[in-house]
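Enquirer: structural data only, the sequence is not supplied:
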């Protein structure tokens, strides 16, 4: 009869050569129970853990040539339980390390944003902004020139002030979970905090409106200080709303602020920062909204 090896040791001791070219585990690769590599401290992904667990459990249930006694069946069941428990521990550890890495990246982005030099002229427009915050041709125009042109074309004094806020806050990290933080925005808190700084009471109880109510999407009420304008009539400071996203569980869409010369300013993704880029076309939008002071 085939000797039964304690499978907890198998799960927690996997050889490095079993990794595939893309960093994953190669199904069918030989497994050495005596290998010193510890799974919890390895670079395996959660998918790798699942693959390994399935391999070991399959060995218990299908690979052993029969169990002659009830005690052997109990032993096999106990080992299967140990494999599952070890797998859950490994998955929890990998998930914790993934979250820690995301927090590290966010902290580095905050540190870079804090150290970046934004110089503001006497008129409130920046004469220097952090690197890579002017994109898609905006870097050729320049932050100061684009800010001045946008302010000059703004429909209201509040819109002009809000535009200056977005320029002064270029390079701030994106965060959905810390959208109201001291040094973080998501797409909607960025433009809403800009208008709050301009004296428009758009923030209530410390919380900025989201894209659901800015658009507004079906089933959501909007605000009396918002009005809809056509794409052709849109001016710098107006809000460009994209449709709800099927890829997001909350169905949220996206919002950016229109600038002059065919540009917009927004923040859109974890790991990125607030920046200027080419404005959306009319076909990409769900709605265009103007803040009325």
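Expert: It's in. Owing to the predicted nature of the structure, the values given are computational and were not obtained by experimental measurement.
Enquirer: who does residue 185 bridge with?
Expert: Partner residues in beta bridges with residue 185: residue 174, with DSSP bridges as the criterion.
Enquirer: ok, it touching residue 275?
Expert: No: with contacts defined as Cβ atoms under 8 Å, residue 185 does not count as touching residue 275, sitting 11.4 Å away. All C-beta spots, glycine's among them, are computed from the backbone N, C-alpha and C.
Enquirer: what sits in contact with each of the two?
Expert: Taking Cβ atoms under 8 Å, 6 or more residues apart in numbering as the contact rule, the neighbours common to residue 185 and residue 275 are residue 267.
Enquirer: so what's the residue count around residue 163?
Expert: As a burial measure, the neighbour count of residue 163 was computed by other Cβ atoms under 10 Å and equals 30.
Enquirer: ditto for residue 153
Expert: 17.
Enquirer: the domain parsing of this structure - what is it?
Expert: With domains defined by automatic domain parsing, the chain comprises 7-107, 118-291.
Enquirer: could you measure from the closest residue in space to residue 245 that isn't next to it in sequence over to residue 127?
Expert: Once flanking residues are discounted, residue 245 sits nearest to residue 253: 6.0 Å by Cβ to Cβ, 6 or more residues apart in numbering. Using Cβ to Cβ, to the nearest Å, we find residue 253 at a distance of 34 Å from residue 127.
Enquirer: so for those two, which residue has more residues nearby?
Expert: Neighbour count, other Cβ under 10 Å: between residue 253 and residue 127, residue 253 has more, with 21 against 14.
Enquirer: now the residue nearest to residue 240 when sequence neighbours are not counted, what's its secondary structure?
Expert: Of all residues not flanking residue 240 in the chain, residue 256 sits nearest, at 4.7 Å (Cβ to Cβ, 6+ apart). For residue 256, the secondary-structure state derived from DSSP: H, G, I helix; E, B strand; the rest coil is strand.
Enquirer: in terms of helices and strands, where is residue 161?
Expert: Mapping residue 161 onto the secondary structure by DSSP states H and E places it in helix 157-168.
Enquirer: what does the next helix-or-strand element following that helix contact?
Expert: Sequence-wise, the next helix or strand beyond helix 157-168 is helix 187-197, with elements assigned using DSSP H and E. Residues outside helix 187-197 that contact it (Cβ under 8 Å, 6+ apart) are 158, 161-163, 165-166, 169, 172, 174, 179-180, 185, 202-203, 208-211, 214, 239, 254-257, 266-268, 274, 291.
Enquirer: just want the angle from helix 187-197 to strand 254-258.
Expert: Interaxial angle of helix 187-197 relative to strand 254-258 (axes from the mean of the first three to the mean of the last three Cα atoms, to 10 degrees): 40 degrees.
Enquirer: angle of helix 187-197 against helix 157-168?
Expert: Orientation of helix 187-197 against helix 157-168 (the same axes, to 10 degrees) gives an angle of 120 degrees.
Enquirer: give me the mean pLDDT for helix 187-197.
Expert: Computed over helix 187-197, the mean pLDDT rounds to 97.
Enquirer: repeat for stretch 147-165
Expert: Looking at stretch 147-165 alone, the average pLDDT works out to 97.
Enquirer: for residue 226, list each beta-bridge partner.
Expert: Bridge pairing for residue 226 - DSSP bridges - gives residue 291.
Enquirer: any quick ChimeraX command for the buried ones out of the contacts of helix 187-197?
Expert: To isolate the buried subset of the contacts of helix 187-197 in ChimeraX, counting by 16 or more other Cβ atoms under 10 Å, use the following:
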select :158,161,162,163,165,166,169,172,174,179,185,202,203,208,209,210,211,214,239,254,255,256,257,266,267,268,274,291
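Enquirer: correct me, but residue 277 touches residue 262?
Expert: No: with contact defined as Cβ under 8 Å, residue 277 does not reach residue 262; the gap is 10.3 Å.
Enquirer: tell me which of the two has more neighbours.
Expert: Per other Cβ under 10 Å, whichever of residue 277 and residue 262 has more neighbours is residue 277, with 18 against 13.
Enquirer: what about residue 103, how many neighbours?
Expert: Other residues near residue 103 come to 10 when the count uses other Cβ under 10 Å.
Enquirer: that one is in what secondary structure piece?
Expert: Per DSSP H and E: residue 103 is located in helix 70-115.
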